[in-house]
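J.: got a sequence here, can you build the structure:
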Amino acid sequence: MKVGSETKLYKAERTDVSQNQGKFRTHFNFPGRALPDHGDHGYGPLATIVESFMDPDTHIAMHPHRDEEIISWVPAGVMRHGDQDGNDLVTDADHLMVMNAGETFWHEEFTRADDPPLRMLQMFVRPHSLGLEPNIQHEPIDAPVEGEWRHLFGPEGSHAPLFVRNEVDLFDLRLDAGSSADLPATEGRDAYFYVFDGAVEAADTRFGKTESGLLVDDARLTLTADEDATVVAFLIDPDAPVTRQGTIGR
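T.: This next block holds a predicted model:
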């Protein structure tokens, strides 16, 4: 649905694509579907954003991924990870994980009985090439500052603390009610944002929890929080070369 008359801003309601596996539940967000007549569920290198829920004492058994970059963003709680290389990692509000699956990477995810219920995002980026070297990144991240975008990942060689192997950057933001911030912008990149919590207004349109917007021009866009809000935003080169053979992020 187009919502901006002067800017090319498109709004997507909460996704209706979901899976319920009992203690593990997912909602699949497809940024390309915000754009009318767009023949791809993804938008350039950004394939899918998955809102995931895990109850305490949940185990997702060891399984493979290939030819996709998987980013685990956990704003609260913990997501535990084991993998083929023997890593035993905890991703939480202080850490970000990027699994560059490459040719194949096996991992498992779990929560313990005494962990809190978990709601997180897993983001799937299409790499520029097939059969890349598998890699795992798990790094501490700076504490968020209210009203400031935090740069979390970018292409190889960028100034972000973690990298993906294509032309996508991720930022997150906490906004107190009534506060405003401009959406990140870079020449030649389009922007996609997802409201994880709360609500924001942009171009005279309200974007509530789990709703998203796709901005496909270089216009400035300001987000104003109608209530305390947490937002993630991606800067995407829609013309970057991509592969489409990932396990999930096709």
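J.: run through the residues that contact the residue nearest the centre of the chain.
T.: Centroid-nearest residue in the chain, with C-alpha atoms, centre = their mean: M123, separated by 3.9 Å. M123 makes contact with L46, T48, I49, V50, I70, I71, W73, L170, F234, according to C-beta atoms under 8 Å, 6 or more residues apart in numbering. The C-beta positions use only the backbone N, C-alpha and C, and glycine is treated the same way.
J.: bridging residues for it?
T.: I49, I71 (DSSP bridges).
J.: per-residue pLDDT of it, please?
T.: M123 carries a pLDDT value of 98.
J.: any idea how far it lies from R206?
T.: 24 Å (C-beta to C-beta, to the nearest Å).
J.: check which helices and strands the lengthiest strand in the chain sits against.
T.: Determined from DSSP state E, the single longest strand within the chain is strand 222-236. For strand 222-236, the elements it packs on are strand 46-54, strand 168-175, strand 180-182, strand 190-202, judged by 3 or more C-beta pairs under 8 Å, 6 or more residues apart in numbering; DSSP states H and E.
J.: centre of the chain to stretch 120-129, how far?
T.: 8 Å (C-alpha atoms, centre = their mean, to the nearest Å).
J.: kindly check the end-to-end length of that stretch for me.
T.: 27 Å (C-alpha to C-alpha, to the nearest Å).
J.: what are the buried residues along it?
T.: Buried residues in stretch 120-129, counted by 16 or more other C-beta atoms under 10 Å: M120, L121, Q122, M123, F124, V125, R126, P127, H128.
J.: got it, and stretch 150-159?
T.: R150, H151, L152, F153, G154, P155.
J.: stretch 44-58 too?
T.: Quick answer for stretch 44-58 (16+ other C-beta under 10 Å): G44, P45, L46, A47, T48, I49, V50, E51, S52, F53, M54, T58.
J.: which pair in the buried residues of stretch 120-129 spans the largest distance?
T.: M120 and H128 (25.9 Å; C-beta to C-beta).
J.: picking up where we left off before, now, the buried residues of stretch 150-159 that are in strands?
T.: R150, H151, L152, F153, G154, P155.
J.: and the pLDDT at the second one?
T.: Per-residue confidence (pLDDT) for H151: 98.
J.: how much space between the closest residue to it other than its chain neighbours and K11?
T.: Distances taken as C-beta to C-beta, 6 or more residues apart in numbering place A160 nearest to H151, at 5.0 Å, with adjacent residues excluded. Distance from A160 to K11, counting by C-beta to C-beta: 27 Å.
J.: same question for D237.
T.: For D237 relative to K11 (C-beta to C-beta), the value is 22 Å.
J.: can you give me the helices in this structure?
T.: Counting by DSSP state H, the chain has no helices to list.
J.: contact partners for P117?
T.: F53, M54, D55, P56, G77.
J.: so which of these comes closest to D114?
T.: P56 (6.9 Å).
J.: my guess is the closest one meets V78, correct?
T.: No: assessed by C-beta atoms under 8 Å, P56 is found out of contact with V78, at 10.2 Å.
J.: residues that sit against both of those two, list them.
T.: T111, D115, P116.
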